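Visitor: Give me a 3D structure for the following:
(one chain, ligands or ions: 1)
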Amino acid sequence: MTELIPRPRDVVADSGEVRLTAHSRLYAGSATEGVGHWLRTVLREATGLPLREGREPDDTDGDGIGLRLGPGLGPEEYRLVSDRSGVLIEGGSAAGVFWGAQTLRQLLGPDAYRRAPVNRGRTWAVPHVTIEDSPRFPWRGLMLDVARHFMPKEGVLRYLDLMAAHKLNVFHFHLTDDQGWRVRIERYPRLTEVGSWRTRTKFGHRASPLWEEKPHGGFYTQDDIREIVAYAAERHITVVPEIDVPGHSQAAIAAYPELGNTDVITASVTGGTALSVWDSWGISPNVLAPTDNTLRFYEGVFEEVLGLFPSEFIHVGGDECLKDQWRVSPAAQARIKELGLADEDALQSWFIGHFAKWLSARGRRLIGWDEILEGGIAEGAAVSSWRGYGGGIAAARAGHDVVMCPEQHVYLDHRQADGADEPVPIGYVRTLEDVYRFEPVPPGLDVSAARRILGTQANIWTEVMEDQARVDYQAFPRLAAFAEVAWSALPAPADRDFADFGRRMSAHYRRLDALGVAYRPPSGPLPWQRRPGVPGRPLDGPPPNR
Ligand code: ACM
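Guide: You can find the predicted model right below:
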């Protein structure tokens, strides 16, 4: 039963088991009441047992569950002891207790993940075991792109549950892009009235001739966001919102054309005078104009964003900002001169630097994709290293915090096998084993720079994932391997025991089944998971490591 994922630091198994019965109680000590509430809710649903409130950890006749803070444990560390006195989970904080509760759920078997009992007569047992465990990294992230394809709120809440089940704790919420603006901003209603939908959508890679000829859209109200943030907090997950500037902004420009480079916009690829929310994929040349008006507008956006998201880090994107419009726009060129800047890269750096200072004055910190290093990075800013390790290494050496999410390793939109039946195959083959052997800290990084690696993150870009089942297919089972990389102190990649991971995955697939996750089966896609005739863009060979 101890086929746990992610693998704990120390497991000492004993013979015997704790049986949960109708008499079992659940005690939650001071500061762990929230975890108690969560655990009682999910276990009542799955088992049908009442799990009445216990008054102290050991008033349980050896058949109960106790939760409490434990002295001397690190903030996310926990110790789970299942023995003749029952099950006791102690953590250095409520978060540690919560991760221990996740382990307990795994120990109960796959049906502990169901929403209602499937067999009321069965026994529920926790094997006698002592587990001591703590995460390798404080940032164990998942980025979800809800801009290219919208994921309704219920789906987002479900992903937070799936993250929690894998001990992931940072949800990077990619809320805006060329193809959609997904968060209601009260002072700028057109961002969602106009920017949250498009009339049709490219089906497949951008070179595909196919279109989904129906409107696509959706957005989260501010109460939806508050609910998502609170739901995440109950699961000890921080939501880091991303509002992308100055590139990936076409949906915003479609809503408020004055945000764009109006003196050159018709000379670009739009083919018309007014921009619309983009219906295809790639990198749009339509980027924000470097005006005071744009800065004030986005300050207004970020003011509302700060009110919604308590996260210390606020992601401002900063990636793939094509400079073509700035090069040919007389207004942008005049702005470069007026600001005394060297070139368009410096203009991008000025733009990001403005928001780094603005956020820091409000007690927050900016994080951006590694392009924010170009032209100089603002003090205190952190970097999501996506184009490889290089940006992250440079940033860490310069004393900046880094989240390692290199596209060569942890972009889950990339295909996971080389078969012709992979749905809309994109990029390089990155198998379950490849992800299992991903190492977030590049070798050779000195100790002080390595300490700057806050952790790692898997990214899910949804251009070719039109619904939740497609997201599940790309995310799983690889997210389970990723979770182990982020949580467990694994040896160097070549020494990792993938056979052992595979053995534990056999049990984990049963948990994913109970959770209703539409993962890619090891034998390949099921017929309805294929997308015959929809062109992707598979790339050959090993991914280039930058
Ligand atoms: C990115 O993949 N453009 C961050």
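Visitor: Tell me how many other residues crowd the closest residue to Glu344 other than its chain neighbours.
Guide: In space, Glu344 comes closest to Lys323 once its chain neighbours are excluded; the distance is 3.9 Å by CB to CB, 6 or more residues apart in numbering. The C-beta positions use only the backbone N, C-alpha and C, and glycine is treated the same way. Other residues within reach of Lys323, judged by other CB atoms under 10 Å, total 17.
Visitor: Likewise for Ser280?
Guide: Counted with other CB under 10 Å, the neighbours of Ser280 add up to 17.
Visitor: swap in His248?
Guide: 28.
Visitor: Please report how far the residue of the stretch 1-150 of the chain found nearest the ligand lies from Ala101.
Guide: Proximity of the stretch 1-150 of the chain to the ligand (CB to the nearest ligand atom) peaks at Met143, 8.6 Å away. Here Met143 is placed at a distance of 25 Å from Ala101 (CB to CB, to the nearest Å).
Visitor: Then His174?
Guide: 29 Å.
Visitor: which element is Ala481 on?
Guide: helix 478-487 (DSSP states H and E).
Visitor: what sits up against that helix?
Guide: The contact list for helix 478-487 (CB atoms under 8 Å, 6 or more residues apart in numbering) reads 5-7, 135-137, 140-142, 162, 166-168, 410, 412, 416, 430, 432-433, 435-436, 438-440, 455-456, 458, 490, 501, 505, 508, 512.
Visitor: Report the buried members of those.
Guide: Among the contacts of helix 478-487, those classed as buried by 16 or more other CB atoms under 10 Å are 5-7, 135-137, 140-142, 162, 166-168, 410, 412, 416, 430, 432, 435-436, 438-440, 455-456, 458, 490, 501, 505, 508, 512.
Visitor: Strands - which of those residues land there?
Guide: 140-142, 455-456, 458 (DSSP state E).
Visitor: How about the contacts made by the residue nearest to the spatial centre of the chain?
Guide: Of all residues in the chain, the one closest to the mean position by CA atoms, centre = their mean is Leu142, 1.7 Å from it. For Leu142, the contacting residues are 159, 163, 168, 170-172, 457-460, 475, 479, by CB under 8 Å, 6+ apart.
Visitor: what about Pro532, neighbour count?
Guide: Residues lying near Pro532 (other CB under 10 Å) number 8.
Visitor: That one in helix, strand or coil?
Guide: Under DSSP: H, G, I helix; E, B strand; the rest coil, Pro532 falls in the coil class.
Visitor: same deal with Val126?
Guide: Applying three-state DSSP: Val126 is strand.
Visitor: List the residues that contact it.
Guide: 17-18, 20, 82, 87, 104, 107-108.
Visitor: beta partners of it?
Guide: Using DSSP bridges, the bridge partners assigned to Val126 are Val18.
Visitor: That one and Ala95: what is the separation?
Guide: Distance from Val126 to Ala95, by CB to CB: 21 Å.
Visitor: circling back: now that we have the contacts of Val126, which one has the most neighbours?
Guide: Within these, most neighbours by other CB under 10 Å means Val87, with 28 neighbours.
Visitor: Wasn't it part of a strand?
Guide: Yes: according to three-state DSSP, Val87 belongs to a strand.
Visitor: From Val97, how far out is it?
Guide: Distance from Val87 to Val97, counting by CB to CB: 12 Å.
Visitor: Leaving out the residues flanking it, which one is nearest to Glu422?
Guide: Arg415 (4.7 Å).
Visitor: List the single closest residue to the residue lying farthest from the centre of the chain in space, sequence neighbours excluded.
Guide: In the chain, the greatest distance from the average C-alpha position (CA atoms, centre = their mean) is reached by Asp61, at 41.0 Å. Distances taken as CB to CB, 6+ apart put His23 closest to Asp61, at 6.9 Å, once the chain neighbours are dropped.
Visitor: before we move on, what SS does the one you found have?
Guide: His23, by the three-state scheme (three-state DSSP), is coil.
Visitor: Quick check: residues of the protein near the ligand?
Guide: Contact residues (CB under 6 Å from any ligand atom) of the chain with the ligand: 319-320, 369, 386.
Visitor: Let me know the pLDDT of Phe150.
Guide: Phe150 carries a pLDDT value of 98.
Visitor: Look up how far Gly218 lies from it.
Guide: The gap separating Phe150 from Gly218 is 4 Å, by CB to CB.
Visitor: Name the residues contacting each of the two.
Guide: Shared contacts of Phe150 and Gly218, counting by CB under 8 Å, 6+ apart, come down to 182, 196.
Visitor: neighbour-wise, which of the two wins?
Guide: Phe150 (22 against 15).
Visitor: does the closest residue in space to Ile228 that isn't next to it in sequence count as helix, strand or coil?
Guide: Closest residue in space to Ile228, ignoring its immediate chain neighbours: Val156 at 5.6 Å, by CB to CB, 6+ apart. Here Val156 is recorded as helix under three-state DSSP.
Visitor: neighbours around Val156, how many?
Guide: If you count neighbours by other CB under 10 Å, Val156 ends up with 23.
Visitor: Provide a list of residues in contact with it.
Guide: Counted by CB under 8 Å, 6+ apart, Val156 has contacts 144, 146, 173, 220, 228.
Visitor: now, the most widely separated pair of these?
Guide: Leu144 and Tyr220 (12.4 Å; CB to CB).
Visitor: got the CA coordinates for stretch 16-29 in PDB?
Guide: Provided in PDB are the C-alpha atoms of stretch 16-29 (Å, rounded to 0.1, in the frame of the first residue of the first chain):
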ATOM      1  CA  GLY A  16      -0.500  -4.400  11.200                       C
ATOM      2  CA  GLU A  17      -2.900  -1.700  10.300                       C
ATOM      3  CA  VAL A  18      -5.200   1.000  11.700                       C
ATOM      4  CA  ARG A  19      -8.900   0.200  10.800                       C
ATOM      5  CA  LEU A  20     -11.100   3.200  10.300                       C
ATOM      6  CA  THR A  21     -14.700   2.400  11.500                       C
ATOM      7  CA  ALA A  22     -17.900   4.200  12.300                       C
ATOM      8  CA  HIS A  23     -16.400   4.800  15.700                       C
ATOM      9  CA  SER A  24     -13.200   6.400  14.400                       C
ATOM     10  CA  ARG A  25     -12.700  10.100  15.300                       C
ATOM     11  CA  LEU A  26     -10.700  12.800  13.600                       C
ATOM     12  CA  TYR A  27      -8.900  15.200  15.900                       C
ATOM     13  CA  ALA A  28      -7.500  18.500  14.500                       C
ATOM     14  CA  GLY A  29      -5.300  20.500  16.800                       C
END
